[in-house]
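S.K.: model this:
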Amino acid sequence: MVASSLSVFIFCEIDHNPLPKELTPSEPKPFSSLTGLQAAYGEAGPSVITTKLERALEKVAPLLREIFVDFAPFLSRTLLGSHGQELLIEGLVCMKSSTSVVELVMLLCSQEWQNSIQKNAGLAFIELINEGRLLCHAMKDHIVRVANEAEFILNRQRAEDVHKHAEFESSCAQYAADRKEEEKMCDHLISAAKHRDHVTANQLKQKIVNILTNKHGAWGIPCQSQLHDFWRLDYWEDDLRRRRRFVRNPFGSTHLDIACKSSQEYALKEEKVVKSKLVFRSPTLASQNPETELVLDGEDDNVSLLHEKEMDNVGGPVVLSSSAQLVAPVLVARGTLSITTSEIYFEVDEDDPAFKRVDPKVLVYTDGLHGKWMFSEIRAVFSRHYLLQNTAMEVFMHLSCSTFLTKPQRISLATPRQLFKSSNMTQRWQRREISNFEYLMFLNTIAGRTYNDLNQYPVFPWVLTNYDSEELDLTLPGNFRDLSKPVGALNPKRAAFYSERYESGEEDQTPPYHYDSHYSTAATTLHWLVRIEPFTTFFLGANDNKFDHPDRTFSAITRSWRNCQRDTSDVKELIPEFYYLPEMFVNSNGYHLGMREDGTMICDVDLPAWAKKPEDFVRINRMALESEFVSCQLHQWIDLIFGYKQRGPEAVRALNVFHHLTYEGSVSLESIADPLLREATEAQIQSFGQTPSQLLIEPHPPRSSAMHLCFLPQSPLMFKDQMQQDVIMVLKFPSNSPVTHVAANTLPHLTIPAVVTVTCSRLFAVNRWHNTVGLRGAPGYSLEQAHHLPIEMDSLVANSTGSNKRQITDLVDQSIQITTHCFVVTADNRYILVCGFWDKSFRVYSSETGDYPAPRAVLTGHDQEVVCVSVCAELGLVISGAKEGPCLVHTITGDLLRELEGPDNYQCPRLISVSSEGHCIIYYERGRFCNFSINGKLLAQMEVNDSTRAILLSSDGHNLVTGGDNGVVEVWQACDFRQLYIYPGCDAGIRAMDLSHDQRTLITGMASGSIVAFNIDFNRWHYEHQNRY
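M.R.: Residues are numbered from 1 along each chain as shown. Modelled structure (predicted):
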């Protein structure tokens, strides 16, 4: 059946081809052989028939072969020959071996195939239909499945193509944006560098002009008036972070056009403050759980310090760049922070609308707007909080200044609590190795208090309560404040008021608090410092360009203390300047601060009766801070401000809870989506003040008592036995030449602690120092040490054969008298600088090698030869005196600050000594002494009969030691030149002197060629030692 159908199909296909009309059959008839087929075409011939078959069946023949191959298992059972042989097998061999259509037609038309088809056609057709149906269904399912899979694959590929295309477009857009941003950054950095160079050039130009036009400059007029000089507080900090020195202020003014605020303005302001407080409710608060408050410092070390995009492809030295803000007093400037391999840059965005609104008078006092800082200048970097968020850092420089920067991301550095735990400052304070002032400044620094943010200004305590007496007795406990209580709780009536406020809870949704004001705010800081620039300008900028109402201006210390005890809105503590800066109490620029309601004009701050001048108040206030009464209580005040009584239940019991927006972690500004609410929150934080970071969660240890330390060896502040001998030893050198210079570099960490001496014959000696004073009872003490003297003569000098190795061979100018000022010994005892040579040079000598360093700065202003110089590196000052005057004060960078003018007959300076406390003692010819402050004020003067050859100030600047031709060492109180002690006279004149590092041994160089070591203890003249011990 199948074969028959196929045969008919073949010939039907052939019929589709046009045939000659005479040969067209009336109906198709099967042919039994090819011969019959040829006959049907008459005379055409075999080749024509073959060609026509090939043409007619060229499309059908491949299909037939595929059918036979696909259905071979079925057809092989059906198509059998007359003898039972399988016809299909033979046909497959034929079809595979040849592709000829003729042979296929001959196979299908053979008699064997025709018989087999006729015999089995019916059964085969039925089986074929059945198998075809099954195969059709299977094929359909397969095709559907394959189609679905194909569609899925195509859809996935299509989606991937769309995604890849989108990624490609996004990548291209991001790449273009990055390149644009980098180009913008490069342009910004180039323009910033040009601007910075322009600023630097202007500064150098102004410096040169100042040097030339100054009174002592080449173009200056010697008698020009100094009435119009204005001064401002410099940003230079000493080792205790005190800003003490004043520099000329070219932008200074008397502000005569400035008015004072009226009472009505204060009423409106207070009404606005009350309304603003109603905005803040609990939704802005973080968890108030005390346990969570203890970890608010943020100890996530995975957050990088500068978590910003690295600019790997940017040309030039920039490694990292980020948006940032420079925080300065009363100013926050947006800009760009850039870091290279060796420098940090900050460039302010001058196009920022907020920056354009800043008063130009404020900008002139703001450093760092176009800042550049070398990595080599950085001393330390501390984590800081800004607006209660851990997003800032403060960079401290070697030039004794700091820069406060804030960024959008969190800053990951050591937390304040970690810094406190890792430091040994508490132990040093307990052992009295450091003062109360130094320890409080340390705590303020690590707790985030900074000069750059007035809302986080360092905070110090009131320590005295008596501001009325004519005389202040610092040995009476009643004159001191109770440091275990906050200022608000010192008055029992006020304490009851604050306690009731906390219990009542004025606002239900706000955490309760005792005080709605703070002990340290920007307004408080400006209130104290309003008389000195740049704080005057800062005050005016923050108060609508007006001075405060006269009755609210800081006008009297007694009045301020009284307000802190009576006014329920006044709980101010003090600032560090109360303990070191007398200039803050003087209206030196002549501001018109108004008249109080009682008719009193406000000018200088009225001092307590027991202080005759500002310097007296600062000195006595500092003495009170360092007194034993304060020392034994100070740890309790630390608990309130920095410790475990700052927060939680202990703070409640101590009446020490402030508004919640003063504490770190109380609000997350990032979580506030409403820009108006966020702005209001930031403004409220600024007005409320900020509490320091909490440093410890347990009670702070107390300080060891002075009496207890008396029994400990090597105690730095112990009161020594009065029965000690004044003279420890006398060391005679073989040369007999007068010892004109003594340098006691005796710190134990030096490779060779020694006392270096230089004689008039230019022979120097490095005499080893043995620190045996006070060692008795110390660990490792032996009887052998008891026989050691503190100074051991240089072995090369003791043996005359080696003295040539200690000889300065270069000859000095014969017209120059060799004095102690001709020599300087470096702190490590390795080099000696010598001056006085014929070529006006100075030279460096060493036991190993010599060197001639280039000068760091050239100081000008003297018309005659310089005969005395003293350098105070801690204050960054150089004070020099010419042969016939004057004495000039320079910065170490070469700026001439001022002239120190003594009385009329004090004209020829010969010796100068400066202490780190800011005292400058100048000895003039004929036994005349003057004591100046570093800011040029004459504090005291005296005249003595002896021809003084050497002077020396103690490390705290309170005591002066002198020695001269009469061989007598005298100790004076520096502030008023009151004589404290006279040592027994020596048999030769004194030419030089110095103190050991512990201030216990005085070494003097004698005209007889020897040195004498004296026992000295400045504490024996301390008022507490005299009155209590």
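S.K.: what comes into contact with the helix or strand harbouring Cys564?
M.R.: Using DSSP states H and E, Cys564 sits within helix 557-566. Applying Cβ atoms under 8 Å, 6 or more residues apart in numbering, the set of residues contacting helix 557-566 from outside is 462, 465, 467-468, 487, 490-491, 494, 554, 570-572, 605-608, 617. For glycine as for every other residue, the C-beta is placed from the backbone atoms N, C-alpha and C.
S.K.: looking at this protein, which helix or strand does the model trust least?
M.R.: Counting by mean pLDDT, DSSP states H and E, the weakest-scoring helix or strand in the chain turns out to be helix 290-293, with a mean of 32.
S.K.: next SSE after that helix?
M.R.: Toward the C-terminus, helix 290-293 is succeeded by strand 320-328 as the next helix or strand (DSSP H and E).
S.K.: What lies in contact with the helix or strand that that following strand is followed by?
M.R.: Sequence-wise, the next helix or strand downstream of strand 320-328 (DSSP H and E) is strand 331-339. Applying Cβ under 8 Å, 6+ apart, the external contacts of strand 331-339 come out as 185, 188-189, 192, 306, 318-326, 344-349, 352, 354-355, 358, 362-363, 366, 369, 405-407.
S.K.: Select only the buried ones of these in ChimeraX?
M.R.: Selecting just the buried residues from the contacts of strand 331-339 in ChimeraX takes one command, with 16 or more other Cβ atoms under 10 Å as the test:
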select :185,188,189,192,306,318,320,321,322,324,325,326,344,345,346,347,348,355,358,362,366,369,405,406,407
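S.K.: mind checking the SS state of Cys930?
M.R.: Using DSSP: H, G, I helix; E, B strand; the rest coil, the structure places Cys930 in strand.
S.K.: Looks to me like Val824 is in a helix.
M.R.: No - judged by three-state DSSP, Val824 forms no part of a helix; its state is strand.
S.K.: And it, how close does it get to Asp813?
M.R.: According to Cβ to Cβ, to the nearest Å, Val824 stands 18 Å off from Asp813.
S.K.: For these two, indicate the residue with more neighbours.
M.R.: Neighbours around Val824 and Asp813, counted as other Cβ atoms under 10 Å, are more numerous at Val824. The numbers are 17 against 13.
S.K.: Now for the residue nearest to the more buried one when sequence neighbours are not counted: which residues touch it?
M.R.: Distance criterion Cβ to Cβ, 6 or more residues apart in numbering; nearest residue to Val824, sequence neighbours excluded, is Leu833 at 4.3 Å. With contact taken as Cβ under 8 Å, 6+ apart, Leu833 is in contact with Phe823, Val824, Val825, Thr826, Phe842, Arg843, Val844, Tyr845.
S.K.: pLDDT score assigned to Leu833?
M.R.: Reading off the confidence values, Leu833 has pLDDT 78.
S.K.: what do you get for Leu696?
M.R.: Confidence per residue is given as pLDDT, and for Leu696 that number is 93.
S.K.: and the nearest residue in space to it that is not next to it in sequence, how many residues sit next to it?
M.R.: Beyond its immediate neighbours in the sequence, the residue positioned closest to Leu696 (Cβ to Cβ, 6+ apart) is Gly643, lying 5.1 Å away. Residue crowding around Gly643 was assessed by other Cβ under 10 Å; the count is 22.
S.K.: three-state assignment of Gly643?
M.R.: Secondary structure of Gly643, reduced to three states by three-state DSSP: coil.
S.K.: for this protein, what's the longest helix?
M.R.: Scanning the chain for the longest helix, with DSSP state H as the assignment, gives helix 111-213.
S.K.: relative orientation of it and strand 320-328 in degrees?
M.R.: For helix 111-213 against strand 320-328, the angle between stretch directions is 40 degrees (axes from the mean of the first three to the mean of the last three Cα atoms, to 10 degrees).
S.K.: Give me the domain ranges for the chain.
M.R.: Under the assignment named as the TED database, the residue ranges that make up the domains of the chain are 54-112, 318-413, 433-503+511-688, 727-771+789-1027.
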